[in-house]
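>>> Fold the following, please.
(one chain, ligands or ions: 1)
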Amino acid sequence: MTTADLDSVLELEVALFGAEAWSRQMLAGELAQQPDSRYYVVAEDEEGIVAYAGLMTAGGQADVLTIAVATIRWGQGIGSELVAALLAEAARRGCTEIFLEVRADNARAQRLYQRWGFTEIGIRRGYYQPSGTDAIVMRRDLAPADAVARDAVGGAP
Ligand SMILES: CC(C)(COP(=O)(O)OP(=O)(O)OC[C@H]1O[C@@H](n2cnc3c(N)ncnc32)[C@H](O)[C@@H]1OP(=O)(O)O)[C@@H](O)C(=O)NCCC(=O)NCCS
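Have a look, this model is predicted:
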């Protein structure tokens, strides 16, 4: 993802996350940290950007910062491909573990992460603002072999 993608990404961001959407300033600030501690990717079709995801890496640890797929493209394996891309990049950067937060009421995203081998390690109460929704914290080990993107644990669609 580059700053040239920001208009399209923000449109999706607002449509998918509503009141909790990141601002243009926040996203631009994230992109400014590429490639050092960030890695943002987009997925495109002939009409433009349909999905994006972001990763933070530091000190051998990685964090999934965001994953978003346009609603009309859900259930086509795009989210899965984005998780695969982030895992591979985190492993290429030498990270040995990866974390993420996911809304407690977002079963779809939780299933996606479970398929990729993440397990729940805790809960952050009221993490998402302004709604005050809890976050489930998930974690997965990373190995050098993860640098080669592959299908999800338990069978890719
Ligand atoms: C969560 C999210 C990223 C998932 O993206 P997605 O592209 O729908 O994910 P996938 O297509 O890889 O997987 C979703 C489902 O489709 C199924 N699927 C994947 N590819 C498929 C295919 N080719 N044919 C049929 N089904 C398929 C998967 O098995 C999965 O089923 P399940 O939910 O019953 O486990 C997306 O719903 C989203 O953007 N949500 C809003 C933002 C959000 O919540 N982000 C996560 C924040 S932590």
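>>> Where do the helices of the protein begin and end?
6-17, 24-31, 78-92, 107-115 (DSSP state H).
>>> Point out the other helices and strands that the longest one packs with.
With contacts defined as 3 or more CB pairs under 8 Å, 6 or more residues apart in numbering; DSSP states H and E, the packing partners of helix 78-92 are strand 38-45, strand 48-58, strand 61-69, strand 97-103, helix 107-115. C-beta: built from backbone N, CA, C; applies to glycine.
>>> Could you do the first one as well?
Packing contacts for helix 6-17, counted by 3+ CB pairs under 8 Å, 6+ apart, involve helix 24-31, strand 48-58, strand 61-69.
>>> and the ligand, which of the ones you listed is closest to it?
strand 61-69 (3.8 Å; CB to the nearest ligand atom).
>>> what's the neighbour count on residue 137?
15 (other CB atoms under 10 Å).
>>> scratch that, residue 93 is what I was asking about
When counting by other CB under 10 Å, one arrives at 17 neighbours for residue 93.
>>> Please apply the same query to the one 3 residues further on.
Summarising burial for residue 96: neighbours were counted as other CB under 10 Å, giving 14.
>>> So it sits against residue 60, correct?
Yes. Between residue 96 and residue 60 there is a contact under CB atoms under 8 Å: 5.2 Å.
>>> Alongside the ligand, which residues does the protein contribute?
Residues of the chain that fall close to the ligand, judged by CB under 6 Å from any ligand atom: 16, 67-69, 74-80, 102, 106, 108-109, 111-112, 157.
>>> I'd like the mean pLDDT over stretch 118-136, please.
For stretch 118-136, mean pLDDT rounds to 95.
>>> So what touches that stretch?
19-20, 98, 100-105, 110, 137-140 (CB atoms under 8 Å, 6 or more residues apart in numbering).
>>> Residue of this protein closest to the ligand, please.
residue 79 (2.4 Å).
>>> For residue 113, give me its contacts.
Counting by CB under 8 Å, 6+ apart, residue 113 has contacts 83, 100, 102, 138.
>>> Compare those and tell me which is most surrounded.
Neighbour max across the contacts of residue 113 (other CB under 10 Å) = residue 83, 24 neighbours.
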